[in-house]
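Visitor: next comes the sequence, and after it the predicted model I'd like to discuss.
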Amino acid sequence: MLTAATFARTHRAYLTLSAVIFCGYVGVGSTSPFQTLYATSLGASLNQVALVTGVFSTLAMAAGLLWGRLADRLRRRKPFVVGGVAALALIHLATAYVPTWQLLVPLRALEGAASGAYQVASMALISRAGWRRPSASGAATCSPRASTSWRC
C-alpha cells in the first residue's frame with residue numbers, strides 16, 4: 001500500500017528528474033545549432049561542417065543502444081545520467097577552447113557518446129519513476145507511467 005509520505009517522496013523525485021532531463025535537453029539542444037557557425041568560424045568548409053555535425057548524431061544513436069544495454073545489464077541508470085551530464089559539461093567547456101575545426105570532430109564524437117548515455121538512462125529512470133496517487137481508501141489508483149502510457 002502506498003502511503004502519503006511515500007507518494008510525496010516519489011513525486012518529488014519524479015519532478016527533480018524531470019527538471020534535470022529538461023535542462024539537459026535544453027543545454028544540448030540550444031548549443032547544437034551554433035556548432036555549425038562555430039565550425040565555420042574556425043575555417044571549416046560546408047562538407048567539414050557536415051562531418052562535425054553528423055558525427056554527433058551518428059554516435060549519439062549508436063551509443064544510446066550500447067549504453068542502454070549496459071545500463072540494463074547492470075540494473076543501474078543513475079550513474080549513466082550523472083556521468084553523461086558531467087561529460088557533456090566538460091566537453092562543452094573544451095569545445096570553447098579548440099583552435100581548429102579538426103578538434104571539433106573528436107569532441108563532437110565524445111559529446112554524442114555522452115549524450116547517448118544521458119538520454120537513454122534518463123528516459124529509463126523517468127519511466128520507472130511513475131507514481132501512484134493513494135485514494136481516500138488507501139488503495140492506489142491509476143496514474144501516468146512515463147509520458148504516454150498509463151498503469152493501474
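Guide: Now that the structure is in, tell me what you want to look at. Residues are numbered from 1 along each chain as shown.

Visitor: where along this structure do the strands fall?
Guide: 143-145, 149-151 (DSSP state E).

Visitor: pick out the shakiest of the ones you listed, pLDDT-wise.
Guide: Ranked on mean pLDDT, the bottom entry among the strands of the chain is strand 149-151, at a mean of 43.

Visitor: ok, the residue minimising distance to the centre of the chain - contacts?
Guide: The centroid of the chain falls nearest to residue 119 when counting by CA atoms, centre = their mean (2.9 Å). Going by CB atoms under 8 Å, 6 or more residues apart in numbering, residue 119 touches 24, 60, 64, 84. In this view, the C-beta of every residue, glycine as well, is placed from N, C-alpha and C.

Visitor: relative to residue 75, how far out is it?
Guide: 19 Å (CB to CB, to the nearest Å).

Visitor: pLDDT-wise, which helix or strand of this protein ranks last?
Guide: strand 149-151 (a mean of 43; mean pLDDT, DSSP states H and E).
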